[in-house]
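Undergrad: please work out how this folds:
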Amino acid sequence: MADMDQSFVSSLVSVTGISMGDEGKGRVVHEILEHEKKSLGRPAAGVMKVNGGANAGHTAAGLKLNLLPSGVGDPEVETLLIGSGVVADPRKFLWEAMPLEARGLEVINRLLIDQRCQVSDLSHRLLDLAWENYRVNQLGMESRGSTGRGISPAYGDETGQWQIFYQSFLGNKDSFAQALRERCQRALDTIQWVCKVNEADWHGFFKTLTTAETRANQASLDEKIFSVDEFDFQRFQGNEPFSLNLDELIEVYWEAGNKLKTCIGDGRDFLLSAAQEKRLVVAEFGQAYWLDKRHGFTPNVTASHTTSAELFHSGGIPVQPINQVGCCKAYDTKVGTHHFPDPNGSSVRPMGTETGKIRIWNLYRQATYGRLV
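TA: Numbering: from 1, shown residues only. Below is the predicted model of the structure:
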């Protein structure tokens, strides 16, 4: 990227992974942002998170982030757009934004959450754990290696037409409360009667989430940005097994959403305005081509579309020419369980492990397909 000697031909630059993810896309985003400043003497208009949810991974201002786009680390980027193709827990926005704000990096005033972005919540995380439990305990299969962030169940609500959009926080609290209540009851019925989770595992889910988020947010706790209660999921348990304290849950999510009310708007207006003014917007994708829910190797895939076509759906804008940057590595890594197929369709044996990630030399066929999309 540092050797580019001309500006991009389109106002949109799509940064995608063309293999199995973890290709360093966040770093490439920052190289593009720096190139724009050097070549045109002005910062990019914005960075857009296109797909997924809190299942990405990058570092900004010394903090590991999962939901905010990596462009948040560049204070000159004017807008941090969250597309309508994203599923996002409003509490997670705050968990990531407030520590950055405490470090002097402005986030909330730059954040633009598309009004059609979908709200994910605790019920999705519980379902995520329950389906993994079902896979292992009822079907006798190996764990799928889910991130446990509720991404797949949240997208399941989209395909089932049960969405709750961020624009709900601009409306009536009673309407939001009813929708969330109904969503949680569907989740509870599924966990108890379909996934057949036992009571011990049900209680364990809340301990698992509390431990995970307390550990992930330890720096914020040490700096007194949040209290320990903020990451205590056990307070959402009901008095009986397979029940929730819905009044507490609704209040917490309504409060979090209202803290983001000034951030909610129409992402289309921003993208179209940037294009008209010939200002650069870098579209940052999560995951990669071979993790696409349709084109990847099921069941080791994500729940969203990971190719550049999703940019137009998530942005709500017409198809148009874009600049595309595909990222890959000399060898693949994959979080969780995975079988790497060779060109003949046979599984390839992993060649070692690193920090829980399977390593395998990059396959030519994978990169060939990935670079085309």
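Undergrad: got the domain boundaries for this protein?
TA: Domains of the chain are assigned by automatic domain parsing as 12-117+263-329, 119-260.
Undergrad: single out the most deeply packed of these.
TA: Of the domains of the chain, the one with the most neighbours on average (mean count of other Cβ atoms under 10 Å) is domain 12-117+263-329, at a mean of 21. All C-beta atoms are positioned from the backbone trio N, CA, C, and that covers glycine.
Undergrad: follow-up on the earlier one: how about the domains of the chain in JSON lines, adding mean pLDDT?
TA: Output for those, formatted as JSON lines (pLDDT from 0 to 100):
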{"stretch": "domain 12-117+263-329", "mean pLDDT": "91"}
{"stretch": "domain 119-260", "mean pLDDT": "96"}
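Undergrad: contact partners for Val325?
TA: If you count contacts by Cβ atoms under 8 Å, 6 or more residues apart in numbering, Val325 has them with 1, 13-16, 28, 32.
Undergrad: wait, a strand at it?
TA: Yes: assessed by DSSP: H, G, I helix; E, B strand; the rest coil, Val325 belongs to a strand.
Undergrad: how near is it to Ser10?
TA: Per Cβ to Cβ, to the nearest Å, Val325 is found 12 Å from Ser10.
Undergrad: again with Asp22
TA: 27 Å.
Undergrad: cool, and His124?
TA: According to Cβ to Cβ, His124 stands 35 Å off from Ser10.
Undergrad: likewise Asp174?
TA: Going from Asp174 to Ser10 by Cβ to Cβ gives 44 Å.
Undergrad: and if you look at Lys64?
TA: In this view, Lys64 and Ser10 are 31 Å apart by Cβ to Cβ.
Undergrad: which residues does stretch 191-208 contact?
TA: By Cβ under 8 Å, 6+ apart, the surrounding residues in contact with stretch 191-208 are 126-127, 129-131, 133-134, 137-138, 148, 233-234, 236-237, 241-242.
Undergrad: OK, contacts around Met48?
TA: 69, 81-83, 267, 271, 281-284, 311, 314-315.
Undergrad: what's the answer for Phe8, then?
TA: Phe8 makes contact with 36, 280, 323, according to Cβ under 8 Å, 6+ apart.
Undergrad: can you rerun that using 10 Å?
TA: By Cβ atoms under 10 Å, 6 or more residues apart in numbering, the residues touching Phe8 are 32, 35-36, 39-40, 278, 280, 282, 322-323, 325.
Undergrad: identify the farthest-apart pair in the residues you listed.
TA: Taking Cβ to Cβ, the two most distant members of those are Lys278 and Val325; they sit 18.8 Å apart.
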